[in-house]
Each structure stands twice: as C-alpha cells, then as structure tokens.
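Engineer: Build the 3D model from these lines:
(one chain, ligands or ions: 2)
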Amino acid sequence: MRQSQLFTRTRRDNPSDEEAKNAQLLIRAGFVHKEIAGVYTYLPLGLKVLNNIVQIIREEMDKIGGQEMVLTALQDKEPWIKTDRWDEKKLDIWFKTEFKSGGETGLAITHEEPITRIMTEHITSYRDLPVYAYQFQNKFRNELRAKSGIMRGKEFLMKDLYSFSKDESEHEAFFVKAREAYKNVFRRAGVGDRTYVTFASGGIFSEFSEEFQTVSDAGEDTIYVDEAKGIAVNKEVMTDAALEKLGLDKTALVEKKAIEAGNIFNLGTRFSEPLGLTYMAEDGEKKPVVMGSYGIGPTRLMGIIAETLSDEKGLVWPEEVAPFKYHLVSLGNDAEVLKLADELYEALEKNATVLYDDRDTRAGEKFADSDLIGIPYRINVGKDALATGSFELVTRATGDVSKLTREELLAR
Ligand code: ATP
Ligand code: MG
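Structural biologist: Numbering: from 1, shown residues only. Ligands and ions are numbered 1, 2, ... in the order given. From the prediction side, this is the model:
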C-alpha cells in the first residue's frame, strides 16, 4: 500500500484523555480511534493487526477440531434466567434494553447460555460427541474500569470456544490440547516468553482453572511466578493447600503485575444441567454433557502486544501480527531515487506485504512515523542506494542495520 493513499494520520502528542500506553501509541500511530471511554474503532492499520491475530487464533482452534460459527449479540433472556445469570445482582455488567414489541434483551457478555441451548438441537447421543464450537464476536460489558485502553473495553472482540464432551476424561484430553493451542497462539503473537499458564480457582474436576497471564506493569492482576517451572498462580491460589497440590514452593514464587490474555475453564455440568443438554450414553443412560469454555480477547491481545513490546519511539509489531512486513521509505525528492523506490515497491509487493512511504515529506518525519507505526523491517531508499546499488534494511525491534542488494531483498 502507498502511504500517500492511507487516510489515517500520525500525531506527535499523546491524547490527553488516555492513560494507557497501548491506547496512546495506537491512537498516535492511527491504528484505533477512541469513540467513548472503553469503546474503540479499528482503523485500517489496526484492523490489519486485529485480523492477523484473529487468523492465528483461528488456525490454532481449527487444528484442535474447532468449528467456527457466529452467535448473536442480542440475547434471549430465557436461558440466562434458567442459569440464574440474568439478574443484575448476579451479573452487574449487562447492557440491557427493551424491544418495542415488548420484552427485554441484553447485549452478549459471553455465550455459554445460547450455545448450550443450540446444542440441545444437535446433540442427542454419545455418537454426537465430542463437539468443539467457537466464534469471534463482539462482547459488551458495562465495565467500571476503563483505564487500560483497548485491554479493557466495554465493547471488545472475544474468541470463545465451547467444548462438549461425554465425560471427565474426554473433557480432560481436550483441555490439554487447548492449553497447547493457547501456548502456540501467544508464541506466534510474540508474547509467549512473557505469558504464563496461571492456576486460578474455579475448576470443576481439577479444582483449578487456567489463565494465561502476560507480565506487564500495566496489568490489573497480581500473579506469583515460578520462573524455573514457567508457571504461575494467582492470588486465590496462594494458599498452602493449593500450592502443595500444584507442587509449588512458596519461597520460589515471585510477585508480578500481569494482564489476563486468555483463560480455559472446566464448566462441568454447570450449564448443561439447567438447560437440559443431555445425551444417551452407550449404556442407555441419559447423562448431562460435560462442558468447557476457552476465551481469548483478540483486541486485548493487540493491546498487550502494543503495551509490552513497544519502546520510547513507538510500536514494535512481531512479524506475524504486523500490519505489513516491510516499510519501504523513499528519502528526498530526487527523480531517480523516486523511480528506484517505485520500482522496488512494485517488485517487493508481489511477494510480501509492503507499506511504501511515497509521501513528499522530510526524512526525519518519515523515520519518526516509521518508528511509531512499528513495521518489523524498514528499507531506506535514498541517494546512497542509487550510488551503491544496495539498500539499508533496519530491524525495528533491535535497530540492527544491514545492506542488501535488490536481488538479496527480493530473495528474502
Ligand atoms: P478480566 O478478569 O480481565 O475481566 P474475565 O475473567 O472477565 O477477564 P472472560 O470473561 O473469561 O474474562 O473473557 C475471556 C477473555 O476475553 C479474557 O481472557 C480476555 O482476554 C478477554 N476480555 C475479557 N474482558 C475484556 C474486556 N473488557 N476488554 C477486552 N478483552 C476482554
Ligand atoms: Mg471481567
């Protein structure tokens, strides 16, 4: 893409109404627009990043047998009443409204209730199980805190997968696969080295649920990390009995601030029983389906990457999530240089994603913008390239500079 065609602009100053580093940088670089506190629009560059994150998650969910679908944002209250989660006293983050034709509805906060009800129409026998269904869908939560930028939205994208299994052992086998799939997601998204499987309370069989917590000073959670084992526990699990069960030594744990990037839950029959999701077992007995839920916030993950991998100059995108892989920058307005840059752009663009800064702007401004936008590799095309036939390739994350010929660049 030619940068002269991109409608978004960068800005030098931090927005005054935004405390979180992720939102400050993403707004300054033109990735997101703040509509209301906790409610953000994804602009062209931001949508590219979000789509890349979604694609990583989609591939990993498909690999473990997930079937993608999309549920509705407007919720029928009936199943929520049956599970006792419609009442404001039980869940105070609902956005509710009324139909003109009468009756209430709420905007989806999560989807256990509707998906469990849907499955009653498709699961009747042990032959129908297991089933793994997932979606990417906007959730709406009337969150009180809105100081974390896109890491905590009132409207945000969630990937939620639900597992439906015959029994505990079938559930457990999938749970283990889901844990590995999650590790792949965070590794591919560039935060694997700082994201810990964190044991939390709320499990049905194993007593624990698992959160994936990314260490960050901006985190709202506190976790206790065993660096040697590469796992952590949250506050609720910091009891002697729980630590013993997990084989962890309290003195080896280091306290850190972290943000939850995802979680995997055993739900047992918490939803299948009240909603009547049962199946006929091989022995002819009717049994409740055993469920699990597996969430990741792609918009939160984008915020986590922006928050934790950025530096004083701006964003630093890992290759798989970056909006473009190369930032080609023409320097000066020498006609020969511009022709060389144009030609290189046409050639590179055939095999790679390239943002081409073809604007008639000072070099210093182009470099500052390039650092702010955070594309992994910058290629400078100036007079020296014309003279020597080789181009400077700058790695955003490290600042490393190498010189490559046109052939070498194309071979890359
Ligand atoms: P938190 O404790 O941070 O509020 P949660 O326990 O409410 O998270 P879930 O309801 O399990 O989270 O949602 C699944 C995933 O969705 C979370 O792991 C997180 O990645 C993402 N998520 C949850 N709430 C938000 C939000 N307000 N904005 C953006 N992403 C969110
Ligand atoms: Mg929450």
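Engineer: what's the longest strand in the protein?
Structural biologist: strand 254-268 (DSSP state E).
Engineer: Given that one, what are its sheet partners and their directions?
Structural biologist: If you go by DSSP bridges, strand 254-268 pairs up with strand 208-215 (antiparallel), strand 221-226 (antiparallel), strand 290-296 (antiparallel).
Engineer: CSV for the ones you listed, including mean pLDDT?
Structural biologist: Shown next, in CSV, are the strands paired with strand 254-268 (pLDDT from 0 to 100):
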stretch, mean pLDDT
strand 208-215, 96
strand 221-226, 97
strand 290-296, 98
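Engineer: and ligand 1, which of those strands is closest to it?
Structural biologist: strand 290-296 (2.7 Å; C-beta to the nearest ligand atom). For glycine as for every other residue, the C-beta is placed from the backbone atoms N, C-alpha and C.
Engineer: circling back: could you dump the strands paired with strand 254-268 to CSV with distance to ligand 1?
Structural biologist: Formatted as CSV, the strands paired with strand 254-268 follow (distance: least, C-beta to the nearest ligand atom, whole Å):
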stretch, distance to ligand 1
strand 208-215, 7
strand 221-226, 7
strand 290-296, 3
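Engineer: Rebuild those strands as JSON lines, extending it with mean neighbour count.
Structural biologist: Formatted as JSON lines, those follow (neighbours: other C-beta atoms under 10 Å):
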{"stretch": "strand 208-215", "mean neighbour count": "25"}
{"stretch": "strand 221-226", "mean neighbour count": "20"}
{"stretch": "strand 290-296", "mean neighbour count": "25"}
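Engineer: Nearest to Phe164, out of these?
Structural biologist: strand 290-296 (5.9 Å; C-beta to C-beta).
Engineer: And the following helix or strand past the closest one, what does it pack against?
Structural biologist: As assigned by DSSP states H and E, the chain's next helix or strand after strand 290-296 is helix 298-309. Helix 298-309 sits against helix 21-28, helix 44-63, strand 155-165, strand 208-215, strand 254-268, with contacts defined as 3 or more C-beta pairs under 8 Å, 6 or more residues apart in numbering; DSSP states H and E.
Engineer: One more pass at 6 Å, please.
Structural biologist: helix 21-28, helix 44-63, strand 155-165, strand 254-268 (3 or more C-beta pairs under 6 Å, 6 or more residues apart in numbering; DSSP states H and E).
Engineer: Just send those back as JSON lines, with mean neighbour count, distance to ligand 1 and mean pLDDT too.
Structural biologist: Formatted as JSON lines, the helices and strands packed on helix 298-309 follow (neighbours: other C-beta atoms under 10 Å; distance: least, C-beta to the nearest ligand atom, whole Å; pLDDT from 0 to 100):
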{"stretch": "helix 21-28", "mean neighbour count": "24", "distance to ligand 1": "11", "mean pLDDT": "98"}
{"stretch": "helix 44-63", "mean neighbour count": "20", "distance to ligand 1": "11", "mean pLDDT": "98"}
{"stretch": "strand 155-165", "mean neighbour count": "23", "distance to ligand 1": "4", "mean pLDDT": "98"}
{"stretch": "strand 254-268", "mean neighbour count": "21", "distance to ligand 1": "5", "mean pLDDT": "97"}
